[in-house]
Every structure is written in structure tokens, then in C-alpha cells.
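> missing the sequence, but the structure's below:
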Ligand SMILES: NC(=O)c1ccc[n+]([C@@H]2O[C@H](COP(=O)([O-])OP(=O)(O)OC[C@H]3O[C@@H](n4cnc5c(N)ncnc54)[C@H](O)[C@@H]3O)[C@@H](O)[C@H]2O)c1
Ligand SMILES: N[C@H](CO)Cc1c[nH]c[nH+]1
Ligand SMILES: [Zn+2]
């Protein structure tokens, strides 16, 4: 990990950078995949599964027999863990139901808003480096709670053409049965455009690597809505002299092990903490089966010593991490000052792993600084709001002046007329509205 002590503000932009990717070649590759699938459907999907996932599939959809087989392959203890996580995720997301009531904005002008589930949604479950069955819970539970009618799920198959049983088990548990063995950009294209096998959806959800994230961004330009850019996992930790190096190292490594492009950052107000954290990272790294991935991710991870907590908070808000863990003596005070982060973990007993799996919050979160503007997935991500209004003649009459004057000044006289005809006022053809916006 790179160590940076007391960086000047001129050095901040460099420190705030995420691992570089060659976007020209990335968007070139992904653009080609999208276009080929848009034009050639299943045939192109099969080709890309062979090219990128190294598997010759005979069918894209997971059969009922495969789902039933998965049920027998998942150990009992894992099933129990999934159930506990599911209960908590359901509880937290169900509480996010907040319908805006009817209101009389003024007498006789009644407005309201209705939450309507997005009918067709697509869920992407990563599977390149690890089969993230926990992501099934994070996406399928709110989709079901919101009432989405059609839920399609894609995840990359292994070399035997199988999706990990725990992914299938979790999907089935959450009532998702339209499951396809497709990964990467080809999965996003299939769900965005529809193919002979894969239904077209209106919105695509889920995290993924750079190919998945780029594909989501490209399809969102025209065809399909997306939740957010949820790319390689990131964690930032703010720690002071009270924090334990052992816990910090474990949290840094827990995100580093996700993949070579993950990023873990420690921002500490205590210089003495640095050596302890470095030692712990070194020894805990040895225990990881995915040591090689974590090691590579650590190459672009940093420990930054910023003695002033105010400046440390400012730096964190500029970085806008996907996850932020605060291990300081006054963590609630620090947490209050955070304005840019996907999800915040307070105190030494709140590791990110809790939110990744089972505390109830969603782990599909904005990365790459998008936490400045996006929220993570939540119940409302699966709904849209339709507004309604009902005005009586009196209500329209009370608003007529405002509407007519504004319409006239925008030069939109048909708008004005739509009020006048109802109130039986006379539209005079000889009125000159040609330069009404100037008045
Ligand atoms: N932000 C979040 O909320 C969040 C949550 C969970 C996981 N993640 C991240 O999701 C990512 C998962 O990535 P992953 O790779 O393990 O799985 P993935 O399923 O996202 O990607 C695997 C797919 O990438 C495609 N691919 C691989 N190499 C390619 C190439 N050279 N050209 C074109 N396509 C290629 C393949 O089709 C493969 O199926 C990790 O970076 C992890 O950190 C983020
Ligand atoms: N840390 C990931 C979100 O960025 C979520 C995850 C899934 N499994 C383990 N962790
Ligand atoms: Zn994780």
C-alpha cells in the first residue's frame, strides 16, 4: 500500500483517483458486444459465452431441474445463513415504503403520487471471480417487495456450463425462476434488447466488473434504465488512535479480495497507527485463499495520514467512497459530517462484511465517486412514481391567472387556451402574442 503523509491540497486530486482503466478500448469492446447482440440475439450471446466465459452452452436458460438440483447441493448451514440475511434485508427494505398522501395543494386542487412497480427488471449477479449469491438477496428481495411482475436474472456460468448452486438456491428462495447463464456485457445486452431466449427488461440492476458497468452505462443512453454505476468494490476507513490495526487491516483486505481493481483506503489522524496496520495487512494477507487478487488490489490502495480530523472528513467527502467505516472515539459526530458515501459503518463492531451480507442494508452501492450523486439500491429503485391531479372548475379558476400569464409569457398560447376554453372565456384571434415573452 502506498503511504502518504500530510498531503498538500494540490496532491489531493491524484490521491482521489480510482485505478485507471483504458476507457477507449473498454467502450470499444463493450460497444461491439452490445451491437452484435442487438442484431443477432441468442446466436451472438452463445458466441460471447464461448469467447469470454469459455463455455459452449446448449441452452441459455437454467432449467427447473437445475434449480431443483441446486437445492440439494447447498449445505444446510448456508441455507440457514441465507434465511437470516433474507429476513433482515426484507425487514429493512419493507420499512422503506413511504407513500406520499393525497393533498389539497390549494382548495379544489388535489394532487397525489402513486408508487408503481417497474414491470420488467433484470438482475445481474457477478460470478467472474466469486459467485455472489448474496447479491441475489440484495436485488431480488426489493424487486419482489416492490411488486415487479417479471424478474429476469443473469449470471456467468462456469466451464461446465453451470451457475453456482447457491446463486440458484437464493434466486429460487426469492421467487426468481427466469435465470440465464450469461455473464459480462453480453448479459446486459441480452436483458436490454431482449433475445429469442431472454426477455427484454425496462431497468437493469446489479454490480459487476468494468465490462458489466460499461455495458450498463451504454445501454442506459438509449434503451434501458439502470440502477447506477456499481463497479469494483471500494472501502475507505477513517481511524484515529483508538482504532485497532487488526480490525482495520481485516476491513481493508475484505474489499481488496474482491478483485484486482478494488480499492481500499485508510485515512488516519494517527501516524503511529500506520506501522501496525501495515504489519497486520502483511500477516493477514498470508491467510487469504485469494491472496493474489488482494495483493494486486493493494498496489493501488493507500494509507493517508491527515492529522486534522476536519481535513480527513473533507478528504473523505471528496473521495465519496462506496463504503465508509469510521473507527474514531467520536464516530457518531464524524458520521454526521459525512455527505458523500454509499453506506457508512460506525464503530469497531460494524465491519463492512455485516452490510455485505446480513445486517439488512443493501450492498449494491455506487462506486468510483458516484456516491456524490447516487444512492445505493433500495426499495424505490424498483418503482417509479406517477403523479396525479384532479381540479374542480373552481380549482382551475383559482389557478387560471398563474397558468395563463406564464403560458402567454412562454409564447405557448395553446396552453393558455386549454384553460380558457374550460372556463368559457373567449380566445381572441386578433390578440398579438408574438413577442409576449418580452413583456
Ligand atoms: N459496487 C457494488 O455494489 C458491488 C457489489 C458486489 C461486487 N462488486 C464488484 O463486482 C465485480 C465483479 O466482477 P467479476 O469479474 O468477479 O464478475 P462479473 O460477473 O462482473 O464479470 C465476469 C464477466 O466479465 C466478462 N469478461 C471477463 N473478461 C472479459 C474481457 N476481457 N472482455 C470482455 N468481457 C470480459 C465475462 O463475460 C465474465 O462473465 C468486482 O469488481 C466486485 O468488486 C461491486
Ligand atoms: N462488498 C461488495 C459490495 O461492494 C458486496 C459483497 C458481496 N459479497 C461480499 N461482498
Ligand atoms: Zn464485499
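Everything's here; your move. Keep in mind that this is a model prediction, so the values were computed, not measured. Residues are numbered from 1 along each chain as shown. Ligands and ions are numbered 1, 2, ... in the order given.

> Tell me the residues of the chain that contact ligand 2?
Contact residues of the chain with respect to ligand 2, defined by Cβ under 6 Å from any ligand atom, are listed as 132, 134, 135, 233, 258, 322, 356, 363, 365. For the C-beta atoms, the positions are set from N, CA and C on the backbone; glycine is no exception.

> just how off-centre is stretch 190-210 within its chain?
Relative to the centre of its chain, stretch 190-210 is centred 15 Å away, using Cα atoms, centre = their mean, to the nearest Å.

> now for that stretch, what's the gap between its first and last residues?
End-to-end distance for stretch 190-210: 17 Å, by Cα to Cα, to the nearest Å.

> Use 497 as the first number for this chain going forward.
Happy to do that; since the first residue is 497 now, the last one works out to stretch 686-706.

> Buried residues in that stretch, which are they?
By neighbour count on 16 or more other Cβ atoms under 10 Å, the buried set for stretch 686-706 is 686-691, 693-694, 696-706.

> Go through the residues you listed and flag which are in strands.
Taking DSSP state E, the ones among the buried residues of stretch 686-706 that sit in strands are 699, 700, 701.

> Test my guess that the last one contacts residue 616.
Going back to what we said before, that points to residue 701. No: using Cβ atoms under 8 Å, residue 701 is not in contact with residue 616; the gap is 11.8 Å.

> Could you list which residues are in contact with residue 539?
Applying Cβ atoms under 8 Å, 6 or more residues apart in numbering to residue 539 gives no contacts.

> Which residue, other than its chain neighbours, is closest to residue 709?
Once flanking residues are discounted, residue 709 sits nearest to residue 727: 4.3 Å by Cβ to Cβ, 6 or more residues apart in numbering.

> That neighbour is in contact with residue 863, isn't it?
Yes: using Cβ under 8 Å, residue 727 makes contact with residue 863 at a distance of 4.4 Å.

> Need the contact partners of stretch 701-710.
When contacts are taken as Cβ under 8 Å, 6+ apart, the neighbours of stretch 701-710 outside the stretch itself are 517, 519, 522-523, 525-526, 617-622, 624, 628, 631, 635, 639, 680-681, 683-684, 712, 722-723, 725-729, 755, 757, 860, 873, 877-878.

> Quick one: buried ones out of these?
For the contacts of stretch 701-710, a neighbour count by 16+ other Cβ under 10 Å gives the buried set as 522, 525-526, 617-622, 624, 628, 631, 635, 639, 680-681, 683-684, 712, 722-723, 725-729, 755, 757, 860, 873, 877-878.

> can you narrow those to ones near ligand 1?
With respect to ligand 1, and counting by Cβ under 6 Å from any ligand atom, the subset of the buried ones among the contacts of stretch 701-710 in contact is 525, 622, 624, 628, 631, 680-681, 726-729, 755, 757, 860.

> What strands line up against the helix-or-strand element of the chain with minimal mean pLDDT, and which way round?
Sorted by mean pLDDT, DSSP states H and E, the helices and strands of the chain end with strand 599-602, the least confident at a mean of 85. Here the strand partners of strand 599-602, with direction, are listed using DSSP bridges: strand 605-613 (antiparallel).

> Quick check: what element follows the partner strand along the chain?
Proceeding N to C from strand 605-613, the next assigned helix or strand is strand 616-620, under DSSP states H and E.

> And the helix or strand just after that next one, what does it pack against?
As assigned by DSSP H and E, the chain's next helix or strand after strand 616-620 is helix 629-642. Identification of packing neighbours for helix 629-642 by 3 or more Cβ pairs under 8 Å, 6 or more residues apart in numbering; DSSP states H and E yields helix 572-590, strand 616-620, strand 646-651, helix 661-669.

> Please identify the deepest-packed of these.
strand 616-620 (a mean of 27; mean count of other Cβ atoms under 10 Å).

> Can you give the contact residues for it?
For strand 616-620, with Cβ under 8 Å, 6+ apart as the criterion, the contacting residues are 632, 635-636, 639, 644-651, 672, 683-684, 687-688, 695-704, 708, 712, 720, 878.

> what mean pLDDT does it have?
In this model, strand 616-620 carries a mean pLDDT of 98.

> quick one: strands adjacent to that strand?
In the sheet, strand 616-620 lines up against strand 646-651 (parallel), strand 699-701 (parallel) (DSSP bridges).

> need those strands in a markdown table with mean pLDDT and distance to ligand 1, can you?
As requested, the strands paired with strand 616-620 are exported to a markdown table (pLDDT from 0 to 100; distance: least, Cβ to the nearest ligand atom, whole Å):
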| stretch | mean pLDDT | distance to ligand 1 |
| --- | --- | --- |
| strand 646-651 | 98 | 7 |
| strand 699-701 | 98 | 10 |
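
> Which one of those lies nearest to residue 868?
Counting by Cβ to Cβ, residue 868 lies closest to strand 699-701 out of these; the figure is 20.3 Å.

> List the contacts of the residue in the stretch 697-846 of the chain that ligand 2 sits nearest to.
For the stretch 697-846 of the chain, the residue positioned closest to ligand 2 under Cβ to the nearest ligand atom is residue 729, at a distance of 3.5 Å. Taking Cβ under 8 Å, 6+ apart as the contact definition, residue 729 lies against 703, 751, 754, 755, 758, 818, 819, 863.

> ok, which pair from those residues is furthest apart?
Greatest spacing in the contacts of residue 729, by Cβ to Cβ: 755 and 819 (14.8 Å).

> State the distance from the nearest residue to residue 663 once chain neighbours are set aside to residue 859.
Closest residue to residue 663 in three dimensions, ignoring its sequence neighbours and counting by Cβ to Cβ, 6+ apart: residue 629, at 4.6 Å. When distance is defined by Cβ to Cβ, to the nearest Å, residue 629 is 12 Å away from residue 859.

> Identify the contacts common to those two.
Here residue 629 and residue 859 have no joint contacts, going by Cβ under 8 Å, 6+ apart.

> hang on, isn't residue 664 packed against residue 558?
Yes: in this structure, residue 664 is within contact of residue 558 by Cβ under 8 Å, at 6.4 Å.

> Pull up the overlap in contacts between these two.
When contacts are counted by Cβ under 8 Å, 6+ apart, residue 664 and residue 558 have residue 675 as shared neighbours.

> Who are the contact partners of residue 792?
Counting by Cβ under 8 Å, 6+ apart, residue 792 touches residue 756.

> which stretch of helix or strand covers it?
Here residue 792 is assigned to helix 787-795, by DSSP H and E.

> in the next helix or strand after that helix, what's buried?
Once the chain leaves helix 787-795, the next helix or strand it forms, by DSSP H and E, is strand 798-801. Residues of strand 798-801 classed as buried by neighbour count (16+ other Cβ under 10 Å): 798, 799, 800, 801.
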